[in-house]
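Undergrad: Sequence plus predicted model, see below.
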Amino acid sequence: MPLKCAWALCALLAVADVTACNLSTGITAFAKRGDAPAVDDTGLKPPVLELVSLTRGVDGRASCDASGLLTLSVEWPRGTDYKLRELGFEFRVVGDDALAIFPDQPVAGRVDGRRSEFVFLWQDGPPAVQANIDLVVEVRAVTADNRRGPPAQLRIAAAPGS
């Protein structure tokens, strides 16, 4: 009996390594109305961006150890016709997007006043296989009727294992 329990425990440990990381990032797809074509709207303002944190993947046995976590804060400026909860945001890498950190569609995050934090999760790998991160992220507001505001940009850089 103890030997069967030991084998079952070993099997569970092996399965835990194979399962994907399922951290909840709090990001949801932004619901647009209809299929209106995207229209640039200079009446919208660019958001104010801040890098909150960047955590690279580590060596380890847990399912999320090789994942990278990037947290960005988006502040919506005063003096616009829209409240933050009425907007989605597009995140796009300017240039080569080798890491594929950001979704292809506009997203919404948890709203706290005029700020929203967005947590992005990607397969970063352990430090031995990581490359330097040096990218410029462009973020713009999107309305439900697919009007797009001007972008704000933020440079993100990190060495492997940082």
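TA: Structure received.

Undergrad: chain center to stretch 118-127: distance?
TA: 9 Å (C-alpha atoms, centre = their mean, to the nearest Å).

Undergrad: what do you get for stretch 43-50?
TA: Stretch 43-50 sits 18 Å away from the centroid of its parent chain (C-alpha atoms, centre = their mean).

Undergrad: what ranges of this structure fall below the confidence cut-off?
TA: For the chain, applying pLDDT under 70 flags the ranges 1-20.

Undergrad: Repeat the analysis, applying 50 as the threshold.
TA: 1-19 (pLDDT under 50).

Undergrad: residue ranges of the helices in the protein, please?
TA: 2-18 (DSSP state H).

Undergrad: Do a quick rundown of the strands in it.
TA: 28-29, 39-40, 48-55, 67-75, 88-94, 107-108, 110-112, 115-123, 133-142, 147-148, 152-158 (DSSP state E).

Undergrad: Mind exporting the C-alpha coordinates of the longest one to CSV?
TA: Meaning strand 133-142. In CSV, the C-alpha atoms belonging to strand 133-142 read as follows (Å, rounded to 0.1, in the frame of the first residue of the first chain):
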residue,chain,number,x,y,z
ILE,A,133,13.8,42.5,-23.7
ASP,A,134,14.1,45.8,-25.4
LEU,A,135,10.8,46.9,-26.9
VAL,A,136,8.6,49.9,-27.4
VAL,A,137,4.9,49.3,-26.6
GLU,A,138,2.3,51.5,-28.2
VAL,A,139,-1.0,51.8,-26.3
ARG,A,140,-4.2,53.5,-27.6
ALA,A,141,-7.8,53.8,-26.4
VAL,A,142,-10.6,52.2,-28.4
